[in-house]
Structure formats: structure tokens, C-alpha cells
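Asker: Provided below for reference: sequence and predicted model.
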Amino acid sequence: MSASSLTPLAALPRGRSLRQDAWARLRKNRLAMVCGVVLAGVVLLCYGGPLFCSYRIEAQNLDMGATPPSAQHWFGTDEAGRDLLVRVLTGGQVSLNVGALATLVSLIIGVAYGATAGYLGGRVDSVMMRVVDVLYSLPFMVFVILLTVAFGRSMMLLYLAIGAVEWLTMARIVRAGVQAQARQEFVEAARSLGLSDARIIFRHIVPNVLGPVIVYTTLTVPAVMLLEAALSFLGLGVQPPQSSWGSLIDQGAKSMETYPWLLAIPAAFFSLTLFCFNFVGDGLRDAIDVKSSKD
Amino acid sequence: MSAILEVTDLQVSFHTRHGVVKAVDGVSLRVEAGQTVGIVGESGSGKSVTCYSLLGLIPQPPGRIEGGRAMFGGQNLLGLSEAELQKVRGSRISMIFQDPMTSLNPYLKIGTQLVEPLRLHQGLSKAAAWARGIEALREVGIAEPTSRMDQYPHEFSGGMRQRVMIAMALITRPELLIADEPTTALDVTIQQQVLDLIKDLQKRLGIAVIFITHDLAVVHEVCDVVNVMYAGRLVESAKAEALFAQPRHAYTRALMRSIPALQDRGQALYTIPGLPPDLSLLPSGCAFRARQTEDRQGLCLTDRPPPLREVAPQHWIQDCPGCVEGGLS
Amino acid sequence: MLRFILRRLFQSLLVLGVVFTATFFLIRLKPGDPFSGEKAMPASVRAQMEKRYGLDLPVWKQYFVHAAAFARGDLLPSLRYEGVPNAKIIADSFPVSLVIGLSALTIAIGVGLPAGIVAALRKNTWLDYSAMSLAMLGICLPTFVMGPVLQWIFGLKLGWLNVAGWFERSDWILPSATMGLIYAAYIARLTRGGMLEVLNQDFIRTARAKGVPGRQIVMGHALRGGLLPVVAFLGPAFAGITTGSFIIEKIFQLPGLGQHFVGSVFNSDYTLVQATTVFYAALLVLINLGTDILQAWLNPRVRLT
């Protein structure tokens, strides 16, 4: 602030913060922007859409049976005569919820673990990272399955179970970033001022590793949604009459010969969402990390 | 003496999204057998691009050689196909680079990389090439060359790696070595050793050397002929003694004033004010005008680029009245 | 090197111990037990069964009995398949999973590696863009979407292959392709990234200055370094392919180990769950050891310690 009293601000060349820079680069990436908009649309549709639907997810109409998309049922109905549109949208809510919450769990564990290891360094670090290496080499899908059956298929535990196995890469990324930062002068300075370790980690270092964390978080969401869908496909995820995209795809795949729309529509929604998340994540990576940006 | 390499009016530009950048504009060079020719200039002056384009090593696109000739052994290098150039590179013309830490492949054994030119250009068997490789390492002063052949670059220090680079460049006994800032990235003490090694090998093998550097002190030590480049053009070219005895161009004088060893003790170090110009926004006249501090600056050409003129036998200058006393009479 | 391998193997034993313990207790937390099947069992028969398999003992005693058996290499008999040894169940079903997994990995590498290399060499051309868009599609299409689509095209419409089952020699093609193409997408992206990184390095310029021809630069100088990210991915990829077989085997109705694992979890077949989990973990531990050695071989700066 003292600098501004010396030089009139208007005289300085218009500097841009790193964040503005990244945002400008992201804006130029048309594909990522389009994907971001589509994603926002999907989210709005899933959470807002069911409010305007006249059908309930569990409302069956057995006389009707499976019908292809029509004026009454835009996405058609399933074998039990349930409206697919409302089922796809509420299913989307479940999938997106899992994506968000499980990612949050993995984020918390990963950042805390990685930051601690990277900051403390030395023996503690090597033991902690060795543990991560070992966990990496476990058949984690096996453990997700065991965790879900062991704790009786509650949704909350599903989030926890998925989050609990998805934090490993996050921990590695954070640890690498922290380790690079921990050697910097400003950390030395903070330490010499007598700041506590925890304070230094969370006030000084974490903001600096935010970039990679944001990128990887965006990429974790689709990975987590994929895992949830796989569990639902195996019959381990959400239970009927609730639906998620994974369980809808599971039901659709069983009858794809006769009622192809039951598979096509949820699969299209699911893949489109994953597609957009991945492109937004890639775009963010290019925008935040100058080094790996194109040309 | 006959020239082994004669470059005339080389034009190289880069076509980027922000417009065309003339990186090299009308540069001519002459290298005689066994001679050491220096190219001096700040970063971005086009000294490296000049040499890289001779061997087809600039990325094309965006780079493009727009004109000129480079006669080497009766061939115009600029007109050769990639396949023909590959036969010249590493066989008749070799290069060494600035940063020995990154210029060697970290995934391959020193020996494998060292003898690759022999295997490629002379078709030697693996065993014969390996034996020559051991010889070559000994020649550049690396102890225990036999076991060093089996090691990887990360097991070598910076100076040692540059020695390996030199051995690799000279292993095919080329006629010309292009050394692109070979000592810049090294420690001061190592710099001298590497310079001595290059001088020594040059004398023994009788090869010609093009020495690219920004350091006039180094030029003074090794070069017979000096070419000073600024903003993609030659500003002065002369025999080393003549140039150092009487620098004619203001930029050459400015460069010389900035050699620390030649400055008065206790004085603040002289540096050339400002930065080299943006090559995509070159002024239409004298490119050095904006950084000129001599009192004739007002006379610099502003309407057209100054032409090259031979002011004494083999002493060429870029003839700008503001930069050269009695210029453009 | 040998010391490294021995140390890792010793560590692996600890890991397997942890895996066994976690599995043992987790599966027992699940409501229900192996004998609470469809039809109710008379109490006397049930008591007899429990006695025969030692399930009447306190859990901690069972733990030590089982742990001791596993430590001896005895995977115990299955509880649901009335006394069939778990080792036999694994030996019968794993080859199916192995065939699918290995051919999927072959397809993944065979398609992904060349695609990534070409994309890197022809960066920012239509070849690069189309290869990378396809790769992104592959990443976003889960196996349980890709599988049914392939079944529909090649099984139902064209009639070239069986939709599902494990009867004919050609039955491996669809499941392997489903999984292989998805992993090919990951490998293509990693290869492209790795190659681009390496191709920008100074030592590639050195090779060009030596007169090394383009193809030889790619094969001899760039590939080794460019492949490192891919090799690092092989471990997780193999893990993904093995556990991905749960889904593939369900889609294509294959009698592989994945089916048995999922089934045993649903059925609370305690010993079979333990046996398959420990088997999977041992497999992955070995694969990871293999990729570590491969990485050290490719990158001289990596020391195995």
C-alpha cells in the first residue's frame, strides 16, 4: 500500500493478477467455455426441472408400460410406466450430489494429508508417501464394495467410501506443490516471525498450491461420478425407487434390444456431463499452468 | 585463403500469430579453413538463428528462410533437402550448445550418445565406434574413459558434460564446429578450461569454428574475425585486432565499454541502457538509435536502414551517420 | 536390485496382512451371514454348518484360525459352494479374467501408444485433434455404456459376435475391446503429453544437430522419456482393468473371478471374499513391483531403494 502513495496508480502499467490472467486464458478456450455453460445447464435442469414435472419418480402406470418418447412423456416411460424425464433428472441430482460430496471428502483428506507430508518433509514425509504408494497398489474398488456393503448402503457412507479412496492423487499433488513452496523465502520469513506450523501451512502455502488443486478437483468430480455409476450398475449404489444415472443405465442396458431409449437417454446425459467436466478441467489446467499450455 | 563457408544475405523470419518477425536480415559471413569466427550480440540479436538456419535446425514453421545463400563445400546449404542436411549435420558441421545439463539425453548412456555420429555417418561397427569413443573422451581430458562410457549424464558435472558434448561434436572430425555460447552456463573456473580445450583441439585438428557469444572478452580471447550483430543485422565485421583497436560502430563501442575487466575500478559498471528492440516492431531507420548515448545520436538514420560499407579492407560497418564517425559521407 | 525386490516383497507381506485383516472384519460387519439364503435353514442344520466351518467360535478366534490358514497358503473352502476349496474357484475362474485383462491391455497399448505418438508428432493438426477428441470420448464413455453399445452393434445388428457368454473362441473380443479402448484413450493422452514434453527438450535438438534422422529421433531419443508417464500409469491401469472386470463380466456374462467376488460379497461368503481380495491384492502388488522395475530400467535417474 505504501507503493501506491509514491506512484499514482494510474501511471502504472495496468497489471493483471495471476487469477485474471488465468481467467482471460480460460475465456479464450472456446471448448472449455461451451462445456462450462452446458454443465451449468445440466445442473440447473437436474435440480430445477423436476419441480416443473407433473410426474413423480415413483408414479407407476403399469397399463402404459414402456413407451418411446412422446408429447406427454418427452423421454418416454420405462417398463413400469414411470416417466423417464423426471427419473433422469432426479437421477442426475443423485449423481451430481455424489460427485460433489465425495470430491469434497477426497479434497479434505488429500489436502490435509499432502500438505502435512510436504511441509514436514524428511522421515515423516517419506513414511506418509510410502503409505500412499501402498494404498495406490490396493484393489480399491474391492474396498469400496466392501465398505458399501459393510455399512449398509446409506448414501452418506457411499460418499465417504468413495471419497476415502479417491484422495490419493490429490495428496500427491498437494504434497509436491507444498514441497516446492516450502523451500521459498517467504516461508522462511513467516517462520522467522514465529508463526506456528499449522498457520504457515494454511495461510501461506496452501493458497499457492491452489491452482493444481482446483484443476484436479474438477477432474475428480467425473472420476467419482463414474465410480458411483459403476457401483450402481453392480447394484450396490442407490436403491430403487431412487435412481442415479448409473442405475438407470443398468436398467436400460437390460432392455436395450426392445426399448433402446431407456439406455440411450441416461447414457447420453451421463457421458455429456463427464465430457464437459473433463474439458473444463483440461481448460483450467491449461489456463492455470502456463508451462503446459498449448504452443 | 579460401572460404569453407560463405553466407551471403541470409534472411530468416518467423511467422507468428502476432505478425512476421525478421530474426535475421541480410547477414553475410565468411569462414576460412581453420579460422575462428565470432558472432557477438545480445540475446535476440539473431546470432543463434543465423547458425541454426544454416543447418535447418530452426522450427519450420513458424520459421522460414526467406533468402540468401550459404555455400559450403560447393553446396548451397539453404537449398538442401532435410535428408541431405542430415548427412552434413554431425559429420561435416557439428554443434555444441549452451547448456550441457539439458543437451545430453538423460536416458541414454554417455557412450551410446557419443558414438552415435560415428555409427550414423561413418557406418562403424558398434565395437569399433565404442573404441573410438573411449579415445575421444580421453582426448577431451576425461579420466577413466572406459568406465565413463557406461555412465549416464546425471553422473557427470556440468563441465564434464560440456567436454562430452565437444568430444561428440568432433568425433567425426568435421570441417566446421558451431559453438553456441558453450561457456555461458558454466562456472567461471570451468569456463576457462573449456575455452582452452576448444582452442587446443581446434589447433590440433585444424577445424574452423563459429563462436556465438554475448561476451566480448571471450571473443577477444579466441576469435580471428568478429561479427557484431544487433536486431537481426550485422553492425560491424572485422579482423579481431582491427575491431578491438578501433571499434567504429557505436554499438560495438558500447559492448566494449560494458566488459567489466576493461572498466575503471571503483566506477559503477557500465551497461547499455534499455533493451534490444522488439523485432516485430523495428524502426525503419537505425535500430540502435533509441539506446545510443553518444552525442551524435541525433544524426541516426530514421527513414531507411543504414547500408553495410567496407571502410577498410575486410572491415565492414553498418553505415549510420549517428553511430559511425564520418559515416555515410 | 535384489535387495530392493526382497524388501518390497517383505513389505508386500505386511500389506497383504493388512488387506486380509480389513477384509475379514469389513465383510462381517455386513448384515446377514452365509447361511441366510433364500430358503430358511432348519436351526439344527444351521448349527451343524456353523460348527463345521468354525463360525460358532468367537470372531477373534476365527480371525486367528483364518489368518493362520492364509499364512500357510491355505485359502480355506468356500462357505456357499459347500466345501469347494477357494483356491480351486480362483484357479477355475481367474484364467477367464486374465485372458480378458491381458487382451484389453494389449489393445490399450497397441491403440493408445501409436495414437499418442502420432498426435504428438503432428501436434495441432487435424490428426492430433481427431485422435484427442476420440480419446476424450473414450474417457467419458464408461464401460457399462460402451459395452452395451458394442453388443448392440456387433452382436445384434451385425450378428458377427455373440452378445454375451463364454462359449466360442471369439467371445473374448467384445469384452476386451470394451475395456481396451477405454484404457487406450488414457494411454493416448499420456503418451501425447509425455512425448511433447520430451520433444521440446534440448537434447532432441542435440540429436538433430548430430544428423539423426527424424524416425530415429523418435524411436531412439524421445520414446524412452516420453513413455515414462505411460509406464507409471500401467500399475493403476492394471488395477483398473482387474477390478473393471467386475463390470465387464457382468455386462458380458463371463464366468470370471470378478463375478465370484461380487457374488461372494452379496452372499456373505466370508472365506471366498477373503480369498479373492487377498488374491487381487497380491496380484497388484506384483504388478506394481514390475512397473517400478520397468521404470527404473527406462529412467537411469531412478534408483531402486
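Answerer: Sure, I can see it. On a predicted model such as this, the values are computed, not experimentally measured, just so you know.
Asker: ok, now which ones touch the spatially most central residue of chain A?
Answerer: When chain A is reduced to its mean C-alpha position, the nearest residue by C-alpha atoms, centre = their mean turns out to be A:Val221, at 1.6 Å. A:Val221 sits next to A:Gly99, A:Ala100, A:Thr103, A:Phe277 when contact means C-beta atoms under 8 Å, 6 or more residues apart in numbering or on different chains. C-beta coordinates here come from the backbone N, C-alpha and C atoms, glycine included.
Asker: so it sits in a helix?
Answerer: Yes. Assessed with DSSP: H, G, I helix; E, B strand; the rest coil, A:Val221 lies in a helix.
Asker: what's the closest non-adjacent residue to it?
Answerer: A:Gly99 (4.5 Å; C-beta to C-beta, 6 or more residues apart in numbering or on different chains).
Asker: let's see the pLDDT reported for that neighbour.
Answerer: On the pLDDT scale, A:Gly99 is placed at 85.
Asker: now the element after the one helix or strand it maps to, going C-ward?
Answerer: Element membership of A:Gly99 [criterion: DSSP states H and E] is helix A:84-120. Next along the chain after helix A:84-120, taking DSSP H and E as the criterion, comes helix A:122-136.
Asker: tell me which residues of the helix holding A:Gly99 come out buried.
Answerer: A:84-99, A:101-107, A:109-119 (16 or more other C-beta atoms under 10 Å in any protein chain shown).
Asker: what's the angle from that helix to helix A:122-136?
Answerer: If you take axes from the mean of the first three to the mean of the last three C-alpha atoms, to 10 degrees, helix A:84-120 sits at 150 degrees to helix A:122-136.
Asker: what is helix A:84-120 packed up against?
Answerer: helix A:30-52, helix A:122-136, helix A:155-165, helix A:168-182, helix A:210-233, helix A:245-254, helix A:260-288 (3 or more C-beta pairs under 8 Å, 6 or more residues apart in numbering or on different chains; DSSP states H and E).
Asker: just send these back as a markdown table, with mean pLDDT too.
Answerer: Below are these laid out as a markdown table (pLDDT from 0 to 100):
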| stretch | mean pLDDT |
| --- | --- |
| helix A:30-52 | 81 |
| helix A:122-136 | 82 |
| helix A:155-165 | 76 |
| helix A:168-182 | 79 |
| helix A:210-233 | 81 |
| helix A:245-254 | 80 |
| helix A:260-288 | 81 |
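Asker: out of those, flag the one nearest C:Trp297.
Answerer: When the helices and strands packed on helix A:84-120 are compared by C-beta to C-beta, helix A:122-136 sits nearest C:Trp297, at 18.7 Å.
Asker: so how far is whichever helix or strand comes after the closest one off the chain centroid?
Answerer: Later in the chain than helix A:122-136, the nearest helix or strand by DSSP H and E is helix A:140-150. Put simply, helix A:140-150 sits 20 Å off its chain's centre (C-alpha atoms, centre = their mean, to the nearest Å).
Asker: one step back: Throw the helices and strands packed on helix A:84-120 into a markdown table and include distance to C:Pro148, thanks.
Answerer: Shown next, in a markdown table, are those (distance: least, C-beta to C-beta, whole Å):
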| stretch | distance to C:Pro148 |
| --- | --- |
| helix A:30-52 | 22 |
| helix A:122-136 | 31 |
| helix A:155-165 | 24 |
| helix A:168-182 | 29 |
| helix A:210-233 | 11 |
| helix A:245-254 | 4 |
| helix A:260-288 | 6 |
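Asker: please work out which of these is packed deepest.
Answerer: helix A:245-254 (a mean of 25; mean count of other C-beta atoms under 10 Å in any protein chain shown).
Asker: follow-up on the earlier one: now, which of the contacts of A:Val221 sits nearest chain C?
Answerer: A:Phe277 (8.5 Å; C-beta to the nearest C-beta).
Asker: hmm, that closest one is touching A:Ala223, no?
Answerer: No. Assessed by C-beta atoms under 8 Å, A:Phe277 is found out of contact with A:Ala223, at 9.1 Å.
Asker: and the host helix or strand of B:Ala23, what other elements does it pack with?
Answerer: With secondary structure defined by DSSP H and E, B:Ala23 is part of strand B:19-32. Secondary-structure packing of strand B:19-32 (3+ C-beta pairs under 8 Å, 6+ apart): strand B:3-16, strand B:36-40, helix B:47-54, strand B:63-72, strand B:208-213, strand B:225-230, strand B:233-239.
Asker: how close does the residue of chain C found nearest chain A sit to chain B?
Answerer: Proximity of chain C to chain A (C-beta to the nearest C-beta) peaks at C:Thr243, 3.5 Å away. Distance, C:Thr243 to chain B, by C-beta to the nearest C-beta, to the nearest Å: 32 Å.
Asker: now do the SS call for that residue.
Answerer: Going by three-state DSSP: C:Thr243 is helix.
Asker: need the contact list for the nearest residue to it once chain neighbours are set aside.
Answerer: In this structure, C:Thr243 finds its nearest non-sequential neighbour in A:Met141, 3.5 Å apart by C-beta to C-beta, 6+ apart. For A:Met141, the contact set (C-beta under 8 Å, 6+ apart) comprises A:Leu227, A:Ala230, C:Thr243, C:Gly244, C:Phe246.
Asker: could you report the distance from the third one to C:Ile251?
Answerer: If I follow you right, that is C:Thr243. Per C-beta to C-beta, to the nearest Å, C:Thr243 is found 14 Å from C:Ile251.
Asker: now the second one
Answerer: Between A:Ala230 and C:Ile251 the distance, using C-beta to C-beta, works out to 11 Å.
Asker: now do the first one
Answerer: Noted for A:Leu227: a distance of 17 Å to C:Ile251, by C-beta to C-beta.
Asker: since we're on C:Ala47, how many residues are nearby?
Answerer: Applying other C-beta atoms under 10 Å in any protein chain shown, we find 14 residues neighbouring C:Ala47.
Asker: related to what we said a few turns ago, identify the contacts common to A:Ala230 and C:Ile251.
Answerer: C:Thr143, C:Phe144.
Asker: now do the buried residues in the helix or strand containing C:Trp60.
Answerer: Taking DSSP H and E as the criterion, C:Trp60 maps to helix C:59-71. By neighbour count with 16+ other C-beta under 10 Å, helix C:59-71 contains the buried residues C:Gln62, C:Tyr63, C:His66, C:Phe70.
Asker: for the lengthiest helix in chain C, name the packing helices and strands.
Answerer: In terms of residue count, the longest helix belonging to chain C (DSSP state H) is helix C:86-121. For helix C:86-121, the packing partners by 3+ C-beta pairs under 8 Å, 6+ apart come out as helix C:126-140, helix C:173-199, helix C:223-226, helix C:228-251, helix C:257-266, helix C:270-298.
Asker: of the helices and strands packed on helix A:84-120, which is nearest B:Gln151?
Answerer: helix A:122-136 (26.9 Å).
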